[in-house]
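S.K.: Take a look and give me a structure for this.
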Amino acid sequence: MHILNFISFQIHPSALKQGGIPLVACCISAAEQANVPITVHFDHGSSKYELVEALEMGFDSVMVDGSHLPFKENISFTKFISFLAQAKNMLVEAELGRLSGTEDDLTVEDYEARLTDVTQAQEFITETGIDALAVCIGNVHGTYPASGPSLRLDLLKDLHKMSSEKGVYLVLHGASGLSKELIKECIQLGVRKFNVNTEVRKAYMECLRNPKKDLIHVMASAKEAMKAVVAEKMHLFGSAGKAW
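M.R.: Residues are numbered from 1 along each chain as shown. Below is the predicted model:
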């Protein structure tokens, strides 16, 4: 399977609710004018209504998040959106298993978390026709505990063996805070997309806590802080200096 190296602007439903079509248009315009490959992705779409709306907004890809549903309902939900999205040549990511933690005010408690089951994942991929699978191997949204992450790399290895045979690549949400060594292991075990929302936001928020003299200086400082995080991650993920 040919893997592309790119950055992805990811818009969460809560951000889309606040920014609407102008936000999507702004991201698409910025991506088109960038001198590196950038895609615009609708992240964690958990309702049919918001996903169908997103299909008409110009996104390059969508994530169908039916992880809150029973297995068979997740298949049905994901299959429906996948059919519509791929008819528009859009890539489809879905999630099986469920991550704990908090992202954009959406909290999933530890007791609700579920690791991705390999047998279920095989059926899920076959039935839905997705392009990418977000897996839960002990990764969490937000900040990891002081003891650090505890990822099931043995499970990731089994998931990669199965998914690569079907031409589906793996996604790791909750990649903020993972060590360089752990990231490299995950890449070797088939992960081709990492989500690092928490670290980028942290850099932005730290700039706001130390304001400059004027708003324009605050925004410039925050922009540079976020760029530094992205540059570091691109280098870590092996995408720095790469093109399509």
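
S.K.: What separation do you get for the residue lying closest to residue 127 once chain neighbours are set aside and residue 114?
M.R.: Nearest residue to residue 127, sequence neighbours excluded (C-beta to C-beta, 6 or more residues apart in numbering): residue 75, at 4.9 Å. C-beta: built from backbone N, CA, C; applies to glycine. According to C-beta to C-beta, to the nearest Å, residue 75 and residue 114 sit 15 Å apart.

S.K.: Comparing these two, which residue is more hemmed in?
M.R.: Neighbour count, other C-beta atoms under 10 Å: between residue 75 and residue 114, residue 75 has more, with 21 against 15.

S.K.: can I assume the more buried one sits in a helix?
M.R.: Yes - counting by DSSP: H, G, I helix; E, B strand; the rest coil, residue 75 is part of a helix.

S.K.: how about it, what does it touch?
M.R.: Counting by C-beta atoms under 8 Å, 6 or more residues apart in numbering, residue 75 makes contact with 66, 123, 124, 127, 128.

S.K.: Centre of the chain to the strand ranked longest in the chain, how far?
M.R.: Secondary structure of the chain per DSSP state E: the longest strand is strand 38-45. With C-alpha atoms, centre = their mean, to the nearest Å as the basis, strand 38-45 stands 8 Å off its chain's centre.

S.K.: partners of that strand in the sheet?
M.R.: Strands flanking strand 38-45 in the sheet, each with its direction: strand 7-11 (parallel), strand 61-64 (parallel) (DSSP bridges).

S.K.: Where do the domain boundaries of the protein fall?
M.R.: 7-195, 197-244 (automatic domain parsing).

S.K.: before we move on, which element is residue 32 in?
M.R.: helix 13-33 (DSSP states H and E).
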